[in-house]
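Asks: I'll drop the sequence and a predicted model, then ask my questions.
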Amino acid sequence: MKSQDWLPILTFILGSIFSLASESLRNHYQRDRDREARLSEQAVLREREQQEFMAKTLIELQDSLFDLMSYNQRIMYPQYQSSTDPGTGTQADIRSRILVVRVRDDQLRESVELVLARLMALSNSRPGEAEAWDKWREAAAQFEAANDRIGQLLQTF
């Protein structure tokens, strides 16, 4: 056979090999892009789930602190309130302590800890005494600071 006969066959074989190599390379890059897109979507989904969890935690913490403040308010103003169930205050206190550890924000954690500490000190006082009223005002001020911080954090979501 002459070289003229082999040339078309050789170019066909080489063209096929280069075509297969090119397609293989293109598929490899496409798989990498698809994998990166999936990882990016998963990261966005995880971030969204974390934000939803944090928002839910903040709302639950806010409700729990409200319950705790309401319980203590009934103690401080018994003439205007119905009877208080001690279990309500204990439940709200424990729930607040559980929820606060889930919070990432140091300022909020510190503020909530101060509310809980002030209310704990208040529980050791006698209602109606000047010391009890001072502790109640301190607790209310810390509650307001914590509530404001929760609002600020919720607005970021």
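Replies: In hand now; what should we look at? Residues are numbered from 1 along each chain as shown.

Asks: next SSE after the lengthiest helix in the chain?
Replies: Ranked by residue count and defined by DSSP state H, the top helix of the chain is helix 3-76. Downstream of helix 3-76, the first helix or strand assigned by DSSP states H and E is helix 86-100.

Asks: any idea of the mean pLDDT in whichever helix or strand comes after that next one?
Replies: Following helix 86-100 in sequence order, the next helix or strand is helix 106-123 (DSSP H and E). The average pLDDT within helix 106-123 is 89.

Asks: Name the residues of helix 106-123 that are buried.
Replies: Going by neighbour count (16 or more other Cβ atoms under 10 Å), the buried part of helix 106-123 is L108, R109, S111, V112, L114, V115, L116, R118, L119, A121, L122. (C-beta placed from N, C-alpha, C; glycine too.)

Asks: who does it touch, helix- and strand-wise?
Replies: On a contact count with 3 or more Cβ pairs under 8 Å, 6 or more residues apart in numbering; DSSP states H and E, helix 106-123 meets helix 3-76, helix 86-100, helix 130-155.
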